[in-house]
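>>> Predicted coordinates and the sequence they were generated for:
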Amino acid sequence: MVEPIRLAIVGCGGMGRRRLAGIAELKRAGEHAVDLVAVCDLNERNAEDLADEAKVLLGARPAVFTDLAAMTRQTDALEAAGCTTDSGSHHRVAADLLALGLHTLCEKPLALTIRGCDRIMAAAERSGKILSVAENYRRDPINRLARALIADGAIGAPQFVMETAVRGRDSVIITPWRRQKLTGTITLDAGVHNADILQYYLGDAVSAFGQTRLYEPTRVVRETAGPGGFYAGWAANLPPTVEATGEDAIFGLITFAAGALGQWVEHHAGHGLPFRHRMLFGTRGSLAVPEDRTGQPIRLTLDDGFDAADERVLDYAPSYRLDRVATALFGEERPWTYDFDFPTTDRKLIALEYAELADCIRTGAAPEVDGATGKRAVALVYALFESHVANRPVTIAEVESGAVDAYQHEIDAHLGLIPKPAGADA
Ligand SMILES: NC(=O)c1ccc[n+]([C@@H]2O[C@H](COP(=O)([O-])OP(=O)(O)OC[C@H]3O[C@@H](n4cnc5c(N)ncnc54)[C@H](O)[C@@H]3O)[C@@H](O)[C@H]2O)c1
C-alpha cells in the first residue's frame with residue numbers, strides 16, 4: 001500500500017475549512033491519499049478551531065502552529081502543504097513553504113501580481129518541489145465535458161466566447177480584503193477562475209483590450225457567511241461598511257492564439273437582475289455552459305437541427321472521461337449532470353486537487369495547473385487592468401514578462417517586490 005502524503009494546511013480561514021472538508025471527502029471515498037498532520041495560522045485561534053474540526057471530520061487532531069519554520073522542524077516527515085492564506089501573502093508563504101522543502105498546493109490566484117507569481121515559481125525551481133495551483137473550477141465534470149466537446153469538434157472551429165457575470169450590487173463579498181487593490185480585489189480574486197476557464201477551453205490568450213471600473217466604493221456587509229456558510233464564524237466581527245479601493249468591474253476583449261475571440265465581463269457591482277452566462281460559438285453550433293459547480297447540463301445547439309441539454313450531448317464528446325478518483329466521487333465516468341448541494345460539490349472538487357497532488361508526489365508527474373498555468377490566468381486578468389492604464393490593447397507576453405506593469409506597480413511596491421536600485425542602501 002502507498003503511504004499517504006503527510007500534509008499541512010497553512011491558512012485556517014474560510015478556504016482552510018473548505019480544504020479540510022475536501023480531505024475528509026477524499027477519505028470517505030476510500031482514497032487515503034493524504035494525512036493532515038499539521039495546521040498553521042498567524043491567528044492561533046483559527047488554527048486551533050481548524051484542528052478541532054479536523055478531529056471531528058478525520059478522527060485525528062493535527063498539531064497546531066503559528067510559524068512555518070517551526071511547523072516544518074517539529075512535524076515528523078512533513079512532505080506537503082496547502083497554502084490557503086489570503087492572496088496578498090501567497091508570494092511569501094508559498095515561496096517559504098517551497099524553500100522549506102515542502103510540495104505546495106497554492107490557492108488561486110497564484111499571487112497578487114506577476115512579480116509575486118515569479119517569486120513563487122523561482123522558489124519552486126530552486127527547491128525542486130511540486131508547485132500546484134488550486135484551480136477547482138476546471139475540475140468540475142461539466143467543465144471537463146465542455147472542454148471535451150470543444151476539443152472533439154462538436155461546435156466546429158471555435159469563433160467566439162461570451163463570458164459574462166453582472167451581479168453583486170454594493171455588497172461585500174465574503175471578506176473585506178477582497179475589496180482592496182493592495183490585498184486582492186474581487187475582480188482578480190474571482191476573475192482568475194474565469195481567466196483560467198477561458199484558457200482551459202480555448203488555449204492561451206495572446207492579447208486583450210480592457211476597461212476597468214470601481215463603481216461602488218462604499219461596500220455594505222450583508223451576506224458574509226460566504227459560499228456554503230464556511231465564513232459564518234467570522235461574520236459577526238466585520239464592520240458594517242468597507243471602503244473599497246479595488247476595481248469591481250472589468251470589461252475585456254480577448255484574442256486567443258488559436259484564433260477565437262472572447263468578450264469577458266466580470267461586473268461585481270451589478271444592480272437589478274443578477275445575470276450570468278457563458279456561451280461559445282463555433283463554425284457549426286454553440287454551447288451554453290451552466291454556472292460552475294451547479295451540475296446543470298450543457299446545452300449543445302447545432303446547425304443541423306440538434307438542440308439538447310441532456311445525455312445526448314455526450315455523443316459529441318467521445319474523448320470525455322473522468323479519471324478514476326473523479327469517477328468515484330461523481331458516481332460515473334461520463335456524467336452530463338449531477339445533483340449535489342454546494343458544500344458537497346465544493347469538497348469533491350477540492351478532494352480531486354489533493355488526490356492529484358499525492359499522485360504527483362508519488363509518481364513525479366507534473367500537476368495539471370502548474371505555476372506557469374496559474375501565472376497565465378493572473379496575466380489574463382491583469383491584461384485588462386494594464387490595457388486600461390495604457391489605453392491600448394496589450395499582449396499577454398508583455399504582461400507576463402513584466403514589460404507592462406503600471407497598474408501592478410503600486411501593489412508590487414506595497415508587497416516589497418520592487419527591487420531596490422543598486423546602491424540605494426549605501
Ligand atoms: N478556489 C476557490 O473556490 C476559493 C474560494 C475562496 C477562497 N479561495 C482562496 O483561498 C485563499 C484564502 O481565502 P480565504 O477566504 O480563506 O481567506 P480568509 O481571510 O478567510 O483566511 C485567510 C487565513 O490566512 C491566515 N494567514 C494570513 N497570513 C498568514 C501567514 N503568513 N501564515 C499563516 N496564516 C496566515 C489568516 O490569519 C486567515 O486565517 C485566497 O487566496 C482565496 O483567493 C479560493
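Looks like it arrived, so ask away. Numbering: from 1, shown residues only.
>>> check contacts around residue 14.
For residue 14, the contact set (CB atoms under 8 Å, 6 or more residues apart in numbering) comprises 174-175, 226, 230-231, 234. Bear in mind the C-beta positions are built from the backbone N, C-alpha and C, glycine included.
>>> Which residues of the chain lie near the ligand?
Proximity of the chain to the ligand is confined to 10-16, 40-43, 46, 84-87, 89, 93, 107-108, 134, 136, 174-175, 189 under the rule CB under 6 Å from any ligand atom.
>>> so can I have TSV of the contacts of residue 14 showing neighbour count and pLDDT?
TSV is the format used below for the contacts of residue 14 (neighbours: other CB atoms under 10 Å; pLDDT from 0 to 100):
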residue	neighbour count	pLDDT
174	24	80
175	21	81
226	19	76
230	21	81
231	20	82
234	16	82
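>>> Among those residues, which ones are in helices?
The helices, defined by DSSP state H, take in residue 234 from these.
>>> ok, which pair from the contacts of residue 14 is furthest apart?
Pairwise distances across the contacts of residue 14 peak at 11.2 Å for 175 and 230 (criterion: CB to CB).
>>> mind listing the helices for this protein?
Using DSSP H, helices in the chain cover 14-28, 44-58, 68-74, 90-99, 114-127, 141-151, 186-189, 191-202, 232-235, 324-330, 342-363, 371-390, 396-401, 406-415.
>>> Lowest average pLDDT across those helices?
Lowest mean pLDDT within the helices of the chain: helix 232-235, a mean of 81.
>>> Can you tell me which of the contacts of residue 14 is nearest residue 357?
Distance to residue 357 across the contacts of residue 14 (CB to CB) is lowest for residue 230, with 21.0 Å.
>>> State the distance from the closest one to residue 2.
30 Å (CB to CB, to the nearest Å).
>>> now swap in residue 94 and tell me
With distances taken as CB to CB, residue 94 is found 26 Å from residue 2.
>>> related to what we said a few turns ago, specify the stretch among the helices of the chain that is closest to residue 162.
helix 191-202 (10.6 Å).
>>> Could you give the separation of that closest one from the chain centroid?
Offset of helix 191-202 from its chain centre (CA atoms, centre = their mean, to the nearest Å): 10 Å.
>>> got the angle for it vs helix 371-390?
110 degrees (axes from the mean of the first three to the mean of the last three CA atoms, to 10 degrees).
>>> Contacts for helix 191-202, please.
The set of residues that contact helix 191-202 without belonging to it, under CB under 8 Å, 6+ apart, is 108-109, 135, 137-138, 143, 146-147, 150, 158, 161, 163, 165, 205, 250, 254, 256, 258, 260, 262, 264, 266, 278, 280, 292, 369, 373-374, 376-378, 380-381.
>>> Please apply the same query to stretch 16-26.
Residues contacting stretch 16-26 (CB under 8 Å, 6+ apart): 7, 9, 32-34, 36, 39, 41, 46, 50, 53-54, 57-58, 82, 84, 228, 230, 325, 329, 343, 346-351, 353-355.
>>> follow-up on the earlier one: between the contacts of residue 14, which is nearest residue 127?
residue 175 (30.0 Å).
>>> Surely the closest one is in contact with residue 231?
Yes. Look at residue 175 against residue 231 with CB atoms under 8 Å: they come within range, at 7.1 Å.
>>> Residue 287 is in contact with residue 155, correct?
Yes. Using CB under 8 Å, residue 155 makes contact with residue 287 at a distance of 5.9 Å.
>>> what touches both of the two?
Joint contacts of residue 155 and residue 287 (CB under 8 Å, 6+ apart) are 149, 280, 300.
>>> ok and the residue in this structure nearest the ligand?
Using CB to the nearest ligand atom, the single residue of the chain nearest to the ligand is residue 13, 1.9 Å away.
>>> what's near enough to touch that residue?
When contacts are counted by CB under 8 Å, 6+ apart, residue 13 is found next to 41, 46, 84-86, 175, 231, 234.
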